[in-house]
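Peer 1: Following is a predicted model, sequence given first.
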Amino acid sequence: MQRMNAAAARRIALAAQGFGKRRPANPNRRAVLDVVARTRLLQLDSVSAVVRAHYAPIFSRIGPYDRALLERAAWSDSPRSRRGLVEYWAHEAALIPVADWPLLRWRMAEYRHGRWSGMRKVVERNPTLGKDILDVVTEVGAASAGEIERHLELDKPRPKGTWWNLSDTKMICEQLFAAGELSIARRAGFTRHYDLTERVVPADVREREIPETDAVRELIRRSSRALGIGTETDLRDYYRLNRRQSAPAIAELVDAGELLPVEVTGWDAPAYLHPEASTPRRVTGAALLCPFDPLIFFRPRTQRIFDFHYRIEIYTPEPKRVHGYYVFPFLLDGQLVGRVDLRAERGSGRLLVPGAFAEPGHATGETAHALRAALREMADWLELDEVVIGERGDLAPLL
């Protein structure tokens, strides 16, 4: 078994995720899709305190870019510019390359009655609503749940009692999406517009049938390449697999030489190295990391790699929050050196920084100088005029 120290493993993980590379001078569609080619997914989340979660990882890796490039890649399709990304349940709701859609068909089969029992109850009490929704979408094209309900109201007036309501319509749309019958054609704001999958996913991709064991093995390959190095739980969590699936897939890839067992000093579990992963001597540069960035969204891995205990505090009552509502870890030259509570106040054109906290040993002028530049760059990217530093945290006075 190969052995390495924790610092080397950390550099491998950062390089695999695209950190430390030279930024493109003028990021274009290809630069945006190249990021997703490395990370394999961008998690979606409804919190808009700063910027929606799927935009931020690209900014963290290539700097300021036109967010419309990502929007067009995910939610528009034309003969001149084909759709590059599609939504599905990967690591939670996520954008994934269109070509990866068939790798999750086994999950669509599992979700054919919905992702959770509450959704199944809605299906049971509305046995024909799914067909009604599909009929509406077939006729009118991509539509939101609210638009679909309005069409249902016109076509089939609501009888007395509880037949269906907006929440039921939305739930069944989500059930059909989870089952692969509907896909997301576009978004308006953050509202999903559902369409028949055959109109969203190309036929050659949609018709690929991949047995579950083969698909899981390929997903482990993808997570291994995206992570560079990781434990079994790291590899499993990337696509929210279970151990029953991941353990045999990892064993097969080890036997085939596609994963290399590694012992990392200080890690609490055996690791697996992708054979093509690079180990740079240094990883330089600064980046603010969204809470849902693929580098850090699996918190046990974040702790293991960076010795950085991180928990999102959105659902923690405000008096009990330690660092703030929506906190971005700050990456500097290959280490997580601080955390910054951020808020984009679009009406006043301000990026608010209520708190800025250094990790032990990093409350320095160097950290503050790099963070100040990173905050200014983020504000410019978000078209905010002013960065306003609050009083909380030991980095605040240095900023």
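Peer 2: Done, it's in. As the structure is a prediction and not an experimental result, all values here were calculated from the model.

Peer 1: Quick one: the strands in the chain, in order.
Peer 2: 2-4, 42-43, 85-90, 92-97, 182-188, 191-196, 229-231, 260-264, 271-273, 286-288, 327-332, 335-345, 350-358, 386-392 (DSSP state E).

Peer 1: quick one: which of these is nearest residue 237?
Peer 2: Closest of the strands of the chain to residue 237 is strand 229-231, at 8.9 Å (criterion: Cβ to Cβ). To be clear about C-beta, it is placed using only N, CA and C from the backbone, and glycine gets the same treatment.

Peer 1: Give me the sheet partners of the closest one and which way each runs.
Peer 2: Sheet pairing here is set by DSSP bridges, and for strand 229-231 it gives strand 271-273 (antiparallel).

Peer 1: what's the model's confidence in the partner strand, averaged?
Peer 2: In this model, strand 271-273 has an average pLDDT of 98.

Peer 1: Tell me the gap between that strand and the middle of its chain.
Peer 2: For strand 271-273, the distance from its own C-alpha centre to the chain's C-alpha centre is 22 Å (Cα atoms, centre = their mean, to the nearest Å).

Peer 1: rewinding a little: can you tell me which of the strands of the chain is most buried?
Peer 2: strand 229-231 (a mean of 27; mean count of other Cβ atoms under 10 Å).

Peer 1: What lies in contact with that one?
Peer 2: Contacts to strand 229-231, defined as Cβ atoms under 8 Å, 6 or more residues apart in numbering, come from residues 9, 12-13, 16, 223-224, 238, 262, 264, 267, 269-274, 277, 301, 304.

Peer 1: And those, which of them are buried?
Peer 2: 9, 12-13, 16, 223-224, 238, 262, 264, 267, 271-274, 277, 301, 304 (16 or more other Cβ atoms under 10 Å).

Peer 1: coming back round to it: in TSV: the strands of the chain, plus distance to residue 77.
Peer 2: Output for the strands of the chain, formatted as TSV (distance: least, Cβ to Cβ, whole Å):
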stretch	distance to residue 77
strand 2-4	44
strand 42-43	18
strand 85-90	10
strand 92-97	14
strand 182-188	8
strand 191-196	10
strand 229-231	34
strand 260-264	39
strand 271-273	37
strand 286-288	31
strand 327-332	32
strand 335-345	30
strand 350-358	34
strand 386-392	38
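
Peer 1: Please tell me how far residue 176 sits from residue 195.
Peer 2: The gap separating residue 176 from residue 195 is 11 Å, by Cβ to Cβ, to the nearest Å.

Peer 1: Who are the contact partners of residue 52?
Peer 2: Residues near residue 52 by Cβ under 8 Å, 6+ apart: 44, 45, 46, 190.

Peer 1: For this protein, which residues score under the pLDDT cut-off?
Peer 2: Within the chain, the ranges that satisfy pLDDT under 70 run 154-166.

Peer 1: If we use 80, what do you get?
Peer 2: Across the chain, the stretches falling below the confidence threshold (pLDDT under 80) are 117-118, 120, 154-166.

Peer 1: Mind checking which residue lies nearest the centre of it?
Peer 2: For the chain, the residue sitting closest to the mean C-alpha position, by Cα atoms, centre = their mean, is residue 43 at 1.6 Å.

Peer 1: Give me the nearest residue to that residue, chain neighbours excluded.
Peer 2: Take residue 43 and drop its neighbours on the chain: the residue closest to it by Cβ to Cβ, 6 or more residues apart in numbering is residue 292, 4.4 Å away.

Peer 1: Likewise for residue 66?
Peer 2: Excluding the flanking residues, the one nearest residue 66 by Cβ to Cβ, 6+ apart is residue 27, at 7.5 Å.

Peer 1: In the stretch 51-200 of the chain, mark out all the helices, start to finish.
Peer 2: For the stretch 51-200 of the chain, helices defined by DSSP state H, counting those that start in this stretch occupy the ranges 56-62, 67-75, 105-110, 117-125, 129-140, 145-155, 166-178, 197-200.

Peer 1: So for residue 368, which of the ones you listed sits nearest?
Peer 2: For residue 368, the closest of those is helix 56-62, at 19.2 Å, according to Cβ to Cβ.

Peer 1: Are there helices or strands packed against the closest one, and which ones?
Peer 2: helix 29-39, strand 286-288 (3 or more Cβ pairs under 8 Å, 6 or more residues apart in numbering; DSSP states H and E).

Peer 1: Now tabulate these in a markdown table and tack on distance to residue 54.
Peer 2: Listed next are these as a markdown table, based on distance: least, Cβ to Cβ, whole Å:
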| stretch | distance to residue 54 |
| --- | --- |
| helix 29-39 | 10 |
| strand 286-288 | 15 |
